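> Here is the input, now give the coordinates:
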Amino acid sequence: MSTISNVKYEAVIGLEVHAQLLTKSKAFAAVSSEYGGAPNRQVTPLCLGHPGTLPVLNENLVRYTIKMGLATGCKISEKSIFARKNYFYPDLPKGYQISQYDTPICYEGSIEIELEDYVKEIGITRIHMEEDAGKSIHDQDPYHTLVDLNRAGTPLIEIVSEPDLRTPREAYEYLKKIRQIVQYLDVCDGNMEEGSLRCDANVSIRPRGQKELGTRTELKNMNSFRNVERAITFEIERQIELVENGGKVIQQTLLWDPNKLETRQMRSKEEAHDYRYFPEPDLPPIIVNESLLEDIQSELPELPDKRLLRFVEQSGLSRDEAAILTDNRYLADYFEEAIGFLNEPKAISNVILTEVLRVLNEKSIHINEFTITPKQLSGLIQLKLEDKINSSAMQTIFNELLESDKEPIELAAVMNLIQVSDSGFLEPIIDEVMESNPDEVKRYREGKKALISFFIGQVMKQSKGKANPKLVREMVAVKLDGTE
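Okay, here's the model as predicted:
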């Protein structure tokens with residue numbers, strides 16, 4: 001598809017983000033909600049839709065949802081109710097999903113996203129609670145679709161944005177911000193690949209300057225941040241091309257194909273009335289009093305935007321450095337733990353942003369799986385700052401620490417990497433180098449000052465790399481210049 005200029009048209013984008021909550025049990029049943037179990041082992045009669053089974057509300061479903069609401073500036077409903085969302089699908093044995101409809105527990109919030117040259121506030125229409133459906137598996141049997149109900153009843157929150165997003169990049173940054181906040185709150189791990197964070201996008205176009213919204217399509221099956229951006233880009237271009245060629249956009253649900261990088265029709269788009277919502281008769285209303293709100297408010301951590309500003313103001317980091325460190329709560333925690341052992345935030349930040357992130361990327365691991373502890377890292381940096389090891393030795397010890405639980409000073413000693421800063425040890429070596437190279441000494445004293453590097457190199461060689469290069473430079477300069 002050829003890219004058509006968007007000068008004539010404006011895109012209007014809204015995102016519906018589902019976040020799977022990190023509760024130990026399901027939303028309405030006392031069974032594990034942990035990811036990755038053998039199929040259909042984490043189920044109860046309620047999950048299977050057996051007649052006569054009754055739901056019992058998981059308190060943490062309410063608390064975690066309110067946490068997200070407070071973190072995004074939402075109003076919290078004093079009273080909200082659950083509703084049944086009715087539809088038929090093989091992985092929904094009850095024939096309905098317990099959700100919320102006209103009384104969401106959180107509403108009218110916002111978050112701020114930052115792009116290269118502007119900052120924008122994106123409204124949040126609502127955040128509500130619901131349970132997940134099961135999972136249909138199409139690729140394990142050539143003739144049948146298999147159903148795994150482990151996920152049925154897993155607690156979710158759905159975060160619905162206002163149609164305030166205008167570009168695929170804004171949608172990308174908004175989704176990243178949602179993930180960052182749920183991770184900071186420790187209510188969701190934010191893993192799109194495992195499906196614990198899922199995103200649907202509503203996309204429409206309209207002529208620039210027009211206030212009326214165009215016909216929208218819904219995009220599904222976007223399992224990464226990059227695919228969200230790609231799918232929305234494709235759909236905007238598809239709609240523009242369709243309209244430019246005299247066609248009309250049809251309201252429908254589309255699946256994104258990450259291999260072909262295109263969308264295909266899934267079904268016509270449902271409206272709320274298609275689901276025949278009605279109040280859930282087996283669950284009482286949720287009443288949120290002031291005491292509960294204050295209790296949950298007291299549990300809120302420092303949120304990423306505030307942490308970023310604190311890192312800039314208190315630790316002397318650049319905004320870019322602080323943004324990378326605070327993008328992931330656990331990376332920021334690692335940094336703060338390290339400066340608790342050694343108050344050198346700039347030096348520690350430099351090593352984390354280069355060496356630590358390099359290892360995480362190469363091994364495709366999370367900072368929580370990184371084997372060098374904050375204490376070990378700060379100990380290694382302290383050795384370098386105190387000139388006890390040089391840069392080369394620091395890299396050698398860093399690599400060794402990836403496989404060792406020893407302290408850096410132990411490894412430096414065992415590996416014979418501690419620098420010698422003893423002038424009594426270095427002076428005879430320097431004298432010997434000068435005596436062995438009288439021509440170079442003469443040329444230096446005649447003005448070839450660059451030859452100092454030659455002498456430093458020779459001393460380092462004679463000392464088998466142990467000499468402190470800074471001290472060597474000072475001592476060599478003194479002797480060559482005859483200023484002893």
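> Hmm, M394 is touching L380, no?
Yes - using C-beta atoms under 8 Å, M394 is in contact with L380, at 6.4 Å. Heads up, the C-betas are built off the backbone N, CA and C, glycines and all.
> out of those two, which sits in the busier spot?
L380 (27 against 20; other C-beta atoms under 10 Å).
> Run the chain-centre distance for stretch 470-479.
With C-alpha atoms, centre = their mean, to the nearest Å as the basis, stretch 470-479 stands 48 Å off its chain's centre.
> Just the buried positions in that stretch, please.
By 16 or more other C-beta atoms under 10 Å, the buried positions in stretch 470-479 come out as 471-472, 475-476, 479.
> of those, the lowest pLDDT goes to which?
pLDDT across the buried residues of stretch 470-479 is lowest for L471, at 79.
> what about it, which SS state?
L471 carries the three-state label helix when classified by DSSP: H, G, I helix; E, B strand; the rest coil.
> What sits closest to P93 if chain neighbours are left out?
G49 (3.3 Å; C-beta to C-beta, 6 or more residues apart in numbering).
> Okay, now the sheet partners of the helix or strand of the chain with the lowest mean pLDDT, with direction.
Every helix and strand of the chain was ranked by mean pLDDT, DSSP states H and E. The lowest is strand 262-268, at a mean of 80. Here strand 262-268 is paired, per DSSP bridges, with strand 252-257 (antiparallel).
> Touching the partner strand from outside, list them.
If you take C-beta atoms under 8 Å, 6 or more residues apart in numbering as the criterion, strand 252-257 is touched by 217-222, 227, 230-231, 234-235, 262-270.
> just checking, what packs against the next helix or strand after the least confident helix or strand of the chain?
With elements assigned by DSSP states H and E, the helix or strand that comes after strand 262-268 is strand 278-279. Contact here means 3 or more C-beta pairs under 8 Å, 6 or more residues apart in numbering; DSSP states H and E; on that basis strand 278-279 packs against strand 83-86.
> What residues sit buried inside the strand it packs on?
For strand 83-86, burial by neighbour count (16+ other C-beta under 10 Å) applies to 83-85.
> Could you check how far stretch 9-18 is from the centre of its chain?
How far stretch 9-18 lies from its chain's middle: 21 Å, per C-alpha atoms, centre = their mean.
> C-alpha coordinates for that stretch, CSV please?
What follows is stretch 9-18, C-alpha atoms only, in CSV (Å, rounded to 0.1, in the frame of the first residue of the first chain):
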residue,chain,number,x,y,z
TYR,A,9,-7.0,14.2,7.0
GLU,A,10,-6.7,13.8,10.8
ALA,A,11,-6.7,10.5,12.6
VAL,A,12,-8.8,10.0,15.8
ILE,A,13,-7.5,7.2,18.0
GLY,A,14,-8.8,5.7,21.2
LEU,A,15,-7.2,2.8,23.0
GLU,A,16,-8.9,0.1,25.2
VAL,A,17,-6.2,-1.5,27.3
HIS,A,18,-6.7,-4.7,29.3
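> Filter the contacts of strand 252-257 down to the buried ones.
Applying 16+ other C-beta under 10 Å to those, the neighbour count classes 217-222, 227, 230-231, 234-235, 262-263, 269 as buried.
> Redo the residues you listed as JSON lines? Include distance to K120.
Shown next, in JSON lines, are those (distance: C-beta to C-beta, whole Å):
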{"residue": "T217", "distance to K120": "23"}
{"residue": "E218", "distance to K120": "23"}
{"residue": "L219", "distance to K120": "21"}
{"residue": "K220", "distance to K120": "25"}
{"residue": "N221", "distance to K120": "27"}
{"residue": "M222", "distance to K120": "21"}
{"residue": "N227", "distance to K120": "22"}
{"residue": "R230", "distance to K120": "21"}
{"residue": "A231", "distance to K120": "21"}
{"residue": "F234", "distance to K120": "23"}
{"residue": "E235", "distance to K120": "21"}
{"residue": "E262", "distance to K120": "29"}
{"residue": "T263", "distance to K120": "26"}
{"residue": "K269", "distance to K120": "27"}
